[in-house]
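# The following block contains a protein sequence and its predicted model.
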Amino acid sequence: MLRAITGFLTSTKAGIAVMAVLAVLSLLGALIPQGGTHEAYVRVFGSLRGDLIYYAGLGDVYRSLYFSALLVLLCVMVFSCALKRLPGQIRQASASEFVGEEARLEKMPCHATLELDVDAEEAGLHAAEICRKRLYRARREKSSSGFLIFASRTAFARYGSFLLHMSFIFLLAGGIAFTRFGYRSYEDVRVGGNFAVPGLDETLVVVDDFEVVYDDNNHVSDYVCSLLLTEGGRPVLVKDISPNHPLQYDGREVFLVSYEQDFDTLQGFVVSVHDRDGEKLVPVLYLPFGSPLEVPGVNFFIEAVDAVVPYVRITYPAGEAEDVRLDAEAAAFTRDGNLGFSVIHGVPSVYVTLEVVREPGEWLVVTGLALLTVGSFVCLYLSHRRIWFILKNLPDGKCRVVFGGSASRNAEAFRGEFEHIRRTLDELS
């Protein structure tokens, strides 16, 4: 039973079949509008197909249980394949065997035979030193007729494919975590309004203010939205966000996406305050609805009130109040005629569009991308290179050196390096 399961998980045909099903489901998800209601699918696709789409979960295919199950199965299959190959990769990377048969070396992609004017011990020391200068790890062993040497470099290059398999698993796991437990929603909120954070009970985000920031040349330099986050009615966090600097709280991020002015709904007026002779006491004064202000130079509070016909409410120190209706065409005066208000323009309401994102698998995706980068570099630019030497003493203090080598990839570069080692060793002749 275990062998059958292992065979299925490591089967190429089974893996291709799972990926084909995922590709078909992804294509359906791209063609069918996601997140619609049953009535909407019936209206667009007809009764039979609409029922099929809705009840089969094709209207939210990426968050469906079977889509996530197929992704998990694909992760397990990729991991099983990587795990199956790992022991062989470890053996090849850690192998440090010595070769004593010249026939084996002569069958290798790169091989050479030299006769040197030094004995086998001195030639072995030179060969090991040459390899170490080229960043090889060299080991030497005495044999019956001389010495054996094994040199290896960048053995970890054998794990490049394993790193790529693991990167694929982490990326898939990040996608599964987001589709099952993450979300992305958009909220259109008027300045002064609020919305509930999805998934957090009694947590509200209040939009306190919005401002377009200009530089010294009167060009737009930034958009700033002031947010207040409350939990159970208590202020928790105050944050000014901009398009590239979101509010972060409890694994969620709130981004500023856009804003829009609503000229049909005003949030206040810009007025000038003057006396009966027209002399301006306050040239420009912004009066937001519902916010009493103390006017400079006069001894009272003033507040703009939003009504069918907007008016200004003046509150005197004695507690008396007076309402003055605003007129866009002419100045409006108090009852005694000593103070007037002229409307400069109305201030439109502002809506901001905020994006709320929760990405629980973000660290999995980052890890997967890091492994993908390292694994691609190892696979494309590094290779496990090995060289074996057989050194035998000859009469008259000479020795015979037979050596050969191989590389896991990039054989052309290894061939050039092998030739350099041959020429350097040949200088002992």
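Thanks, I have the structure now. Because the structure is a prediction, the values reported are computed rather than measured.
# so what's residue 52 up against?
Taking Cβ atoms under 8 Å, 6 or more residues apart in numbering, we find residue 52 in contact with residue 58. (Glycine included, C-beta is placed from N, CA and C.)
# Now do the SS call for it.
For residue 52, the assignment made with DSSP: H, G, I helix; E, B strand; the rest coil gives helix.
# distance of it from residue 46?
Residue 52 sits 10 Å away from residue 46, going by Cβ to Cβ, to the nearest Å.
# do residue 286 as well
Distance from residue 286 to residue 46, by Cβ to Cβ: 56 Å.
# Neighbour count: these two, which is higher?
residue 286 (14 against 11; other Cβ atoms under 10 Å).
# which element is the closest residue to that one other than its chain neighbours on?
Among residues not flanking residue 286 along the chain, residue 270 sits closest, at 5.3 Å (Cβ to Cβ, 6 or more residues apart in numbering). Using DSSP states H and E, residue 270 sits in strand 252-275.
# helices and strands around whichever helix or strand comes after that strand, which ones?
Proceeding N to C from strand 252-275, the next assigned helix or strand is strand 280-288, under DSSP H and E. Under the contact definition 3 or more Cβ pairs under 8 Å, 6 or more residues apart in numbering; DSSP states H and E, strand 280-288 sits against strand 252-275, strand 301-305, strand 339-358.
# ok, now how distant is residue 316 from residue 299?
Taking Cβ to Cβ, one finds residue 316 at 8 Å from residue 299.
# Can you pick out the residue with more neighbours from the two?
residue 316 (12 against 8).
# what residues are up against the more buried one?
Going by Cβ under 8 Å, 6+ apart, residue 316 touches 299, 300, 322.
# Strand partners (parallel or antiparallel) of the least confident helix or strand in the chain by mean pLDDT?
Ranking every helix and strand in the chain by mean pLDDT, DSSP states H and E puts strand 293-294 at the bottom, with a mean of 80. In the sheet, strand 293-294 lines up against strand 301-305 (antiparallel) (DSSP bridges).
# List the buried residues in the partner strand.
Buried residues in strand 301-305, counted by 16 or more other Cβ atoms under 10 Å: 302, 303, 304.
# what angle do that strand and strand 339-358 make?
60 degrees (axes from the mean of the first three to the mean of the last three Cα atoms, to 10 degrees).
# any idea how far the closest residue to residue 359 other than its chain neighbours is from residue 63?
Nearest non-adjacent residue to residue 359, counting by Cβ to Cβ, 6+ apart: residue 182, 5.1 Å away. Residue 182 sits 10 Å away from residue 63, going by Cβ to Cβ.
# Specify which residue of these two has the higher count of neighbours.
Using other Cβ under 10 Å, the more surrounded residue of residue 182 and residue 63 is residue 182, with 20 against 17.
# so who does the more buried one touch?
357, 358, 359, 360, 361.
# just for the stretch 151-300 of the chain, where's the confidence low?
Of all residues in the stretch 151-300 of the chain, those with pLDDT under 70 make up the ranges 296-298.
# Could I get the contacting residues of residue 206?
193, 194, 227, 228, 229, 230.
# Quick check, the first one in contact with residue 207.
Yes. With contact defined as Cβ atoms under 8 Å, residue 193 counts as touching residue 207 (5.9 Å).
# When those two are compared, which one has more neighbours?
residue 207 (22 against 15).
# Nearest spatial neighbour of the more buried one, chain-adjacent residues omitted?
residue 189 (4.8 Å).
# Then residue 8?
Counting by Cβ to Cβ, 6+ apart, residue 8 lies nearest to residue 14, which is 5.4 Å off, once chain neighbours are set aside.
# Could you pull up phi and psi at the one you found?
The phi and psi values for residue 14, taken as degrees, to the nearest 10, are phi -60, psi -40.
# measure it to residue 65 for me?
Distance from residue 14 to residue 65, by Cβ to Cβ: 20 Å.
# So for these two, which sits in the more crowded spot?
residue 14 (14 against 9).
# Which of the contacts of residue 206 are buried, as a PyMOL select command?
The PyMOL command for the buried members of the contacts of residue 206 (criterion: 16+ other Cβ under 10 Å) is given here:
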select buried, resi 194+227+228+229
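# Rebuild the contacts of residue 206 as a markdown table, extending it with distance to residue 119.
Output for those, formatted as a markdown table (distance: Cβ to Cβ, whole Å):
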| residue | distance to residue 119 |
| --- | --- |
| 193 | 91 |
| 194 | 89 |
| 227 | 81 |
| 228 | 85 |
| 229 | 81 |
| 230 | 86 |
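# still on that earlier bit, and of the contacts of residue 316, the nearest to residue 78?
residue 300 (74.8 Å; Cβ to Cβ).
# which residue packs closest to the closest one, ignoring adjacent ones?
Residue 300 sits nearest to residue 316 (Cβ to Cβ, 6+ apart), 5.0 Å away.
# Per-residue pLDDT of that neighbour, please?
With respect to pLDDT, residue 316 scores 80.
# Could you do residue 324 as well?
Reported pLDDT for residue 324: 85.
# Next, the buried residues of the longest helix along the chain.
As assigned by DSSP state H, the longest helix anywhere in the chain is helix 65-94. Neighbour-count burial for helix 65-94, counted by 16+ other Cβ under 10 Å, picks out 67-68, 70-71, 73-75, 77-78, 80-82, 89, 93.
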